[in-house]
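**Q** Provided below are the primary sequence and the corresponding predicted coordinates.
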Amino acid sequence: MADEEKTMHIDEKREQTSPQVLATPEEEKRLVRRLDRSILPITCLLYLFAFLDRSNLGNARLQGLPQEVLGGDPEGLLYEWVFSAFYFSYILWQVPATVLSKLFPPSYWIAAMAIGWGICSVLQASAFNFSGLVVCRVGLGVFEAGFGPAIPLYFSLFYTKHELGLRLGYWFGFAAIAGAFGGLIAFGVQHISFGPNNESDWKILFLIEGIPAVILGIITWFALPNRPESTRFFDEREREVALQRGARGTTADIGAVVNKRHILAAITDWRIFACGTIYFGMNCALASISAFLPTIIKTFGYTDALAQLLTVPPYVVGAIVLCSTAYATDRLQSRGLAIAGACAASTLGYLLVCTVPNNMHVRFFAVFLITSGTYTAIGVIIAWFAHNLGSETKKAAGIPMFMAIGQCGSVLGSNIYPSTDGPRYLRGFTITCALQAWATVCAIILYISFRRENKRRDALYGKPDPDATVDTSELADKAPMFRYIP
């Protein structure tokens, strides 16, 4: 009886989503502009502060944290464990948190996560030993795990597959902007001269970057739109247009519904695991950049403060390349080769760092290749699978699955640059270089696989109407008329 009632409820929802009057292009453009104004500023700023709060440990390392809290840590091993603690909780909590997020209004869920990680970040300033830092980093990982993977799912509620890549590119681009912004903040904090002998500058850094996340989380509770079918953000015509756009392409388990079969389908989908290996390599590089870029640039012969400042240009260029590539892949409706190209660029960057030890100009250029390739690949691959998994539940399970696999690379990346390997850090660079090369191969394999599957379905079932609704409620991305973005 309960199953029948649930089915009737979903059927009623679908009937409600059937538009009586087709939306005009002008209405759609007007709605998309309004969505962009309401969704992008909040979610992008949230990711800015999320990434600042997870990565500021790299800046704090040059501001006296190891000396004051970790007993000097001459080999850098305690620092690596503190940095990795974030990823242990982040990996374990991603899948259950994202599936659970489907049962709550998005604004409430995202706001609670932001307030939680902001508090954990602020509390790092009060840590006085290794254990205290680890507890704060574990809490930070729990709350950020409920935020990051939920955003691609949230964006897919409002944007079509032709719009999703650029918006996710903007969103993830703020991770690169956070790197640049973090370097500028760290440079400024370096000159505050807080505490005896400037030894506590790192505490100010955690406060400056943690408190805004709490404030923005409170704003998010009231300002971020909820699901199209229930938000008070739309008038009736806007809701009708939004639901019509959402039904274009696929329609499946809308609302606070979790389809257990689609969770199983995600667990058994080899493409998600292949994507996870790409994400593993890219996150190994990303964690290395976040944790060690200031330290690595310092090995080029610069002072601590200047090393902080010189992290800014590579991040800015990375953000520009990411957004440009995301726009191009939206227009072309093809992402696999762009991801492969970005991974190849990052591979070349690591090769240059490994093989050109004395030319600082070449090594600094290599840093630009690494940041541009890494951020671009991660941003585009999130958009790739935000469409290619078919249904909401499979996205809610599959996206955090490949992200969780990828974050294991973050643990690796934060533990392969011990201080004893400086100044060249050959072990860390060669491992990351090999992973980037493997990610390039995997991206090409997935691209070919998606293209071949699309051709097979075209031959069997015919080419679908691009604007037709495909029912993925039973088979998710395996529905006969569903087509992947290669």
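**A** Noted; the coordinates are in hand. Numbering: from 1, shown residues only.
**Q** what sits against Val82?
**A** 57, 70, 130, 133-134, 137 (Cβ atoms under 8 Å, 6 or more residues apart in numbering). For glycine as for every other residue, the C-beta is placed from the backbone atoms N, C-alpha and C.
**Q** State the helix or strand in which it lies.
**A** For Val82, the host element (DSSP states H and E) is helix 77-101.
**Q** Pull the distance from the helix or strand just after that helix to the chain's centre.
**A** Note on helix 77-101: by DSSP H and E, the next helix or strand toward the C-terminus is helix 106-123. Centroid separation for helix 106-123 versus its chain: 16 Å, with Cα atoms, centre = their mean, to the nearest Å.
**Q** returning to what we had before: most neighbours, which of the contacts of Val82?
**A** Arg137 (26 neighbours; other Cβ atoms under 10 Å).
**Q** Quickly note the distance from that one to Leu46.
**A** Distance, Arg137 to Leu46, by Cβ to Cβ, to the nearest Å: 19 Å.
**Q** hang on, the earlier thing: adding pLDDT and distance to Leu78, write the contacts of Val82 out as a markdown table.
**A** Putting the contacts of Val82 into a markdown table (pLDDT from 0 to 100; distance: Cβ to Cβ, whole Å) gives the following:
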| residue | pLDDT | distance to Leu78 |
| --- | --- | --- |
| Leu57 | 85 | 12 |
| Leu70 | 85 | 4 |
| Phe130 | 91 | 6 |
| Leu133 | 93 | 9 |
| Val134 | 94 | 10 |
| Arg137 | 94 | 12 |
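**Q** From those, pick the one nearest Thr355.
**A** Closest approach to Thr355 among these (Cβ to Cβ): Leu57, at 29.3 Å.
**Q** Show me what the particular helix or strand that has Ala338 in it is packed up against.
**A** Ala338 is part of helix 336-355, with elements assigned from DSSP H and E. If contacts are counted by 3 or more Cβ pairs under 8 Å, 6 or more residues apart in numbering; DSSP states H and E, helix 336-355 sits against helix 270-298, helix 312-332, helix 360-388, helix 426-461.
**Q** same thing but at 7 Å, please
**A** The contact analysis (3 or more Cβ pairs under 7 Å, 6 or more residues apart in numbering; DSSP states H and E) places helix 336-355 against helix 312-332, helix 360-388, helix 426-461.
**Q** List the buried residues for the last one?
**A** Along helix 426-461, these residues count as buried under the neighbour rule (16 or more other Cβ atoms under 10 Å): 428-429, 431-433, 435-440, 442-447, 449-450, 453-454, 457.
**Q** Stretch 270-290 now?
**A** Applying a neighbour-count criterion of 16+ other Cβ under 10 Å, one finds 271-272, 274-290 buried in stretch 270-290.
**Q** Where does the spatially closest residue to Phe482 that is not a sequence neighbour sit: helix, strand or coil?
**A** Leaving aside its sequence neighbours, Phe482 sits nearest to Val470 (Cβ to Cβ, 6 or more residues apart in numbering; 5.1 Å). Counting by DSSP: H, G, I helix; E, B strand; the rest coil, the backbone at Val470 sits in strand.
**Q** was I right about Val470 contacting Ala479?
**A** Yes. Look at Val470 against Ala479 with Cβ atoms under 7 Å: they come within range, at 5.6 Å.
**Q** what's downstream of the helix or strand where Phe206 lies, the next helix or strand?
**A** Using DSSP H and E, Phe206 maps to helix 201-223. With elements assigned by DSSP H and E, the helix or strand that comes after helix 201-223 is helix 236-247.
**Q** So which elements touch that next one?
**A** By 3+ Cβ pairs under 7 Å, 6+ apart, helix 236-247 packs against helix 2-17, helix 25-60.
**Q** Run through the residues that contact Gly116.
**A** Phe143 (Cβ atoms under 7 Å, 6 or more residues apart in numbering).
**Q** go on, Leu78?
**A** 70, 130.
**Q** How much space separates it from Val69?
**A** Plainly put, Leu78 is 9 Å away from Val69 if you go by Cβ to Cβ.
**Q** Can you report how many residues lie near Ile416?
**A** Look at Ile416: counted by other Cβ under 10 Å, it has 20 neighbours.
**Q** swap that for Leu205, please
**A** Residues near Leu205, counting by other Cβ under 10 Å, number 28.
**Q** ok, it - contacts?
**A** By Cβ under 7 Å, 6+ apart, the residues touching Leu205 are 56, 59-60, 63, 185-186, 189.
**Q** try it again with 6 Å
**A** Residues near Leu205 by Cβ atoms under 6 Å, 6 or more residues apart in numbering: 56, 60, 189.
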